[in-house]
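Visitor: Got a sequence here, can you build the structure:
(3 chains)
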Amino acid sequence: MIDIVLDVLSWILILLGSACVLIGGIGGLRLPNFYTRIHAASLTDTMATILIFVGMMLQAGFTLATLKLFAIMLFLLLTGPTATYALANAALLSGLKPDAVTDSDKPKENTPE
Amino acid sequence: MKLLELLGYFNYWVFAVILTVGLYAVISKTNLIKKLIGLSIFQSAVFLMYITMDKVEGGTAPIIQAGVEDQIFSNPLPQVLILTAIVVGVSTLSLGLAMVVRISECYGTIEENEILDAD
Amino acid sequence: MILIFGLFLLSLLVITAVAIVRTKDLFVAVMLTSIFSLLMAANFFILDAADVALTEAAVGAGVTTVIFLCALALTGDREKPREGGRGLALGTVGVLALLIIYATFDKPRLGDPDAPVHQHIAPWYIEKTTEYMDFPNVVTAILSSFRGYDTLGEVFVVFAACIGVLFILGVSPPRKLLRVKDSSNGLRHHLIPQVVGRLLIPFIVLFGLYTQFHGEYGPGGGFQAGAIIATGVILYALLEGEDNALRAIPRGVLLGMVVGGALLFGGVGIVCMLMGGAFLDYSVLAADPVWGQQLGILIIEAGVGMAVCGALLAIFHAFAARERMS
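Guide: This next block holds a predicted model:
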């Protein structure tokens, strides 16, 4: 009985995580501005990481694989937002202003600070 | 099961397409770095073909587990060859990039036709 | 099910390859090459090649991208479009692709266990690994012992590439270049990446060492370990500045690692000859031949790891130390 519950739960979590990645992909293509696209990519990425990995851990049960999956999830949760920060920082430093206008995607000026 | 048989060849067709895409980049682009990128795509296609040859249906990675009898393994020999080839590929790529950097310093450009004109 | 996933990944590979060739911005092309390597690593894993997937991910998606970016920073990063004349090239490669596809119909289909490649020597290797060497990973056994000459040649190729890059990029540039006043050597506004980097670099190096010493029990070995440790040190150099990284591991140590690794490998071979066996025949290294094989493989994997790590780091420092053209 508990097996079926765990199985269904892990299926739901993995499907939800895949839906998050799909939404993030659509957002990354359709949103107008660079900074809004970063939002779409990074937020959905982190959520999807947690959902998919917890789903896989439920599938694996109490084995060594669960610990390894947990370690990988921790690593991804640490490095994903850091990469997003570095990306946005580099964009800001090279002159891309976060205006809420659609065509502000070209850098205003390239000042090598 | 004609479709399944055809799908069994899909890996090789992808290998042919990626090979020719990489070859096209090498012979037709004038930028030296683009040529090197095309060369690395070409190499990756060859690796894909070798590793495709090594898969056995129902097999697993060739790591012998103690106590499990009669396991089917995939062929380990092409994997060894490709392991060597990947590292050799990155070595030659770094050497090529060093030469491109020196060329760009001496001639000021890395477009092939401009270099040939300047000589 | 896994077949459909494999087909999907292969189609993504083709799309990425075409996108790389068509884009005019070289920076985009390098990033797409990194994605291409990662997709290739996923494909290798589906085709049951675990060692090769690990190597391709570490070397292809990691080190190659960094070296490309270093080279791009020293040259331009846009490509001039070619005016006309590409019909002949397109025609040639189209005919070539059709010829290769026609030739592939003769090959055995994917996964056929009666293919000739599975018949002659591969079952012998799988059978004799337990008898001669008594450890699980067959690929490491073949790489280090059954086909040890190939690996020796490969270490020397890495060594030669390192020397070549140091020769080419060790010469100072021909013209007097304007010194670009760089106020800091590392990233600017770099507190968050620095903190996270300092947290993660010890674990990266630890994982590299784990891969090195567990090469016989799971996927791993010298090449992957060398690439992973080199990536960790490159991350340190990117965050803290290249001078700090050179102070942590000086150039002399790097060259010592490269030379020492190659010497270690060759040296083990010569010691085997001196003890009465053939070149690179590890069974004579100890009283029990199985333990002799394991000892020999341990030492040469260490040599390979040192050589690859030192070579990749020396190449990175040679690129990074070059003055930027104004």
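
Visitor: Enumerate every residue touching the closest residue to chain A within chain C.
Guide: The nearest approach of chain C to chain A comes at residue C:196, 4.5 Å away (C-beta to the nearest C-beta). C-beta: built from backbone N, CA, C; applies to glycine. Each residue near residue C:196 by C-beta atoms under 8 Å, 6 or more residues apart in numbering or on different chains is listed here: A:78, A:79, A:82.

Visitor: mean confidence for the helix or strand hosting it?
Guide: Following DSSP states H and E, one finds residue C:196 within helix C:191-213. Averaged across helix C:191-213, pLDDT comes to 90.

Visitor: Need phi/psi at residue C:281.
Guide: phi -100, psi 100 (degrees, to the nearest 10).

Visitor: what's near enough to touch it?
Guide: The contact partners of residue C:281, by C-beta under 8 Å, 6+ apart, come to residue C:272.

Visitor: what pLDDT does the residue of chain A found nearest chain B get?
Guide: Using C-beta to the nearest C-beta, residue A:64 is the residue of chain A that sits closest to chain B, at 14.1 Å. pLDDT, residue A:64: 86.

Visitor: burial count for it?
Guide: By other C-beta atoms under 10 Å in any protein chain shown, 8 other residues sit near residue A:64.

Visitor: Show me where chain B dips below the pLDDT cut-off.
Guide: Flagging of chain B using pLDDT under 70 yields the residue ranges B:1-6, B:67.

Visitor: let's go with 50 and repeat that
Guide: Segments of chain B classed as low confidence (criterion: pLDDT under 50) are B:1.

Visitor: any chance you could map the helices in it?
Guide: Ranges of helices in chain B, per DSSP state H, are B:2-8, B:10-28, B:32-53, B:77-107, B:112-118.

Visitor: Now do the buried residues in the helix or strand where residue C:235 lies.
Guide: Element membership of residue C:235, judged by DSSP H and E, is helix C:222-240. Within helix C:222-240, the residues that qualify as buried by neighbour count (16 or more other C-beta atoms under 10 Å in any protein chain shown) are C:222-240.

Visitor: what's the answer for stretch B:58-68, then?
Guide: Within stretch B:58-68, the residues that count as buried by 16+ other C-beta under 10 Å are B:59, B:61, B:62, B:63, B:64.

Visitor: Of these, which are in range of chain C?
Guide: Applying C-beta under 8 Å from any C-beta of the partner chain to the buried residues of stretch B:58-68, one finds that B:59, B:61, B:62, B:63, B:64 fall near chain C.

Visitor: With just CA atoms, put stretch C:9-27 into CSV.
Guide: C-alpha atoms of stretch C:9-27 as CSV (Å, rounded to 0.1, in the frame of the first residue of the first chain):
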residue,chain,number,x,y,z
LEU,C,9,18.6,13.6,-27.7
LEU,C,10,20.1,12.8,-31.1
SER,C,11,17.7,15.2,-32.8
LEU,C,12,18.7,17.9,-30.3
LEU,C,13,22.4,17.2,-31.2
VAL,C,14,21.7,17.8,-34.9
ILE,C,15,19.8,21.1,-34.2
THR,C,16,22.6,22.3,-32.0
ALA,C,17,25.3,21.5,-34.6
VAL,C,18,23.5,23.4,-37.3
ALA,C,19,23.0,26.3,-35.0
ILE,C,20,26.7,26.4,-34.2
VAL,C,21,27.7,26.6,-37.8
ARG,C,22,25.1,29.2,-38.7
THR,C,23,25.6,31.8,-36.0
LYS,C,24,27.8,34.8,-36.7
ASP,C,25,28.6,35.6,-33.1
LEU,C,26,31.6,33.5,-31.9
PHE,C,27,30.7,33.8,-28.3
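
Visitor: Tell me if that stretch is near chain B.
Guide: Yes: counting by C-beta under 8 Å from any C-beta, chain B is contacted by stretch C:9-27 at C:10, C:11, C:13, C:14, C:17, C:18, C:20, C:21, C:26.

Visitor: is chain A contacted by that stretch?
Guide: No: Stretch C:9-27 stays clear of chain A (C-beta under 8 Å from any C-beta), getting no nearer than 12.0 Å.

Visitor: Now for the residue of chain A at minimum distance from chain C, which secondary structure element holds it?
Guide: In chain A, the residue that lies nearest chain C is residue A:82 (4.5 Å; C-beta to the nearest C-beta). Applying DSSP H and E as the criterion places residue A:82 in helix A:64-93.

Visitor: Would you indicate which residues of that helix are buried?
Guide: With burial defined by 16+ other C-beta under 10 Å, the residues of helix A:64-93 counted as buried are A:69, A:73, A:81, A:82, A:84, A:85, A:86, A:88, A:89, A:91.

Visitor: by how many degrees do it and helix C:191-213 diverge?
Guide: 140 degrees (axes from the mean of the first three to the mean of the last three C-alpha atoms, to 10 degrees).

Visitor: pLDDT of stretch C:312-326, averaged?
Guide: Stretch C:312-326 comes out at a mean pLDDT of 77.

Visitor: To clarify, my last question referred to stretch C:97-108.
Guide: Averaged across stretch C:97-108, the pLDDT comes to 85.

Visitor: Quick one: residues in contact with it.
Guide: The contact list for stretch C:97-108 (C-beta under 8 Å, 6+ apart) reads B:9, B:12, B:13, B:15, B:16, B:17, B:19, B:20, B:53, C:114, C:115, C:116.

Visitor: Then stretch A:44-56?
Guide: By C-beta under 8 Å, 6+ apart, the surrounding residues in contact with stretch A:44-56 are A:9-14, A:16-18, A:20-21, A:23-24, A:27, A:69-70, A:72-73, A:76-77, A:80-81.

Visitor: tell me the average confidence for it?
Guide: Across stretch A:44-56, pLDDT averages out at 92.

Visitor: now swap in stretch C:228-239 and tell me
Guide: Average pLDDT, stretch C:228-239: 91.

Visitor: which residues does the closest residue to residue A:58 other than its chain neighbours contact?
Guide: In space, and not counting its chain neighbours, residue A:58 is closest to residue A:10: 3.9 Å by C-beta to C-beta, 6 or more residues apart in numbering or on different chains. Listed by C-beta under 8 Å, 6+ apart, the contact set of residue A:10 reads A:55, A:56, A:58, A:59.

Visitor: Check chain A and tell me which residue is nearest its centre.
Guide: Nearest to the centroid of the C-alpha atoms of chain A, with distances taken as C-alpha atoms, centre = their mean, sits residue A:45, at 1.3 Å.

Visitor: ok, how many other residues are close to the closest residue to residue B:61 other than its chain neighbours?
Guide: Excluding the flanking residues, the one nearest residue B:61 by C-beta to C-beta, 6+ apart is residue C:50, at 4.4 Å. By the criterion of other C-beta under 10 Å, residue C:50 has 21 neighbours.

Visitor: Next one: residue C:50 relative to residue C:218, how far apart?
Guide: Distance, residue C:50 to residue C:218, using C-beta to C-beta, to the nearest Å: 8 Å.

Visitor: where do the contact lists of the two overlap?
Guide: Common contact partners of residue C:50 and residue C:218 (C-beta under 8 Å, 6+ apart): residue B:63.

Visitor: Quick one: mean pLDDT over the host helix or strand of residue C:73.
Guide: Taking DSSP H and E as the definition, one finds residue C:73 inside helix C:65-74. Per-residue pLDDT over helix C:65-74 has a mean of 88.

Visitor: ok, that helix near chain B or not?
Guide: Yes: Helix C:65-74 reaches chain B (C-beta under 8 Å from any C-beta) through C:67, C:68, C:70, C:71, C:72, C:74.

Visitor: What does the pLDDT read for the residue of the stretch 151-300 of chain C at minimum distance from chain B?
Guide: For the stretch 151-300 of chain C and chain B, the shortest gap (C-beta to the nearest C-beta) falls at residue C:161, measuring 3.5 Å. Here, the pLDDT recorded for residue C:161 equals 93.

Visitor: Who are the packing partners of the helix holding residue C:73?
Guide: If you count contacts as 3 or more C-beta pairs under 8 Å, 6 or more residues apart in numbering or on different chains; DSSP states H and E, helix C:65-74 packs onto helix B:32-53, helix B:77-107, helix C:26-46, helix C:289-320.
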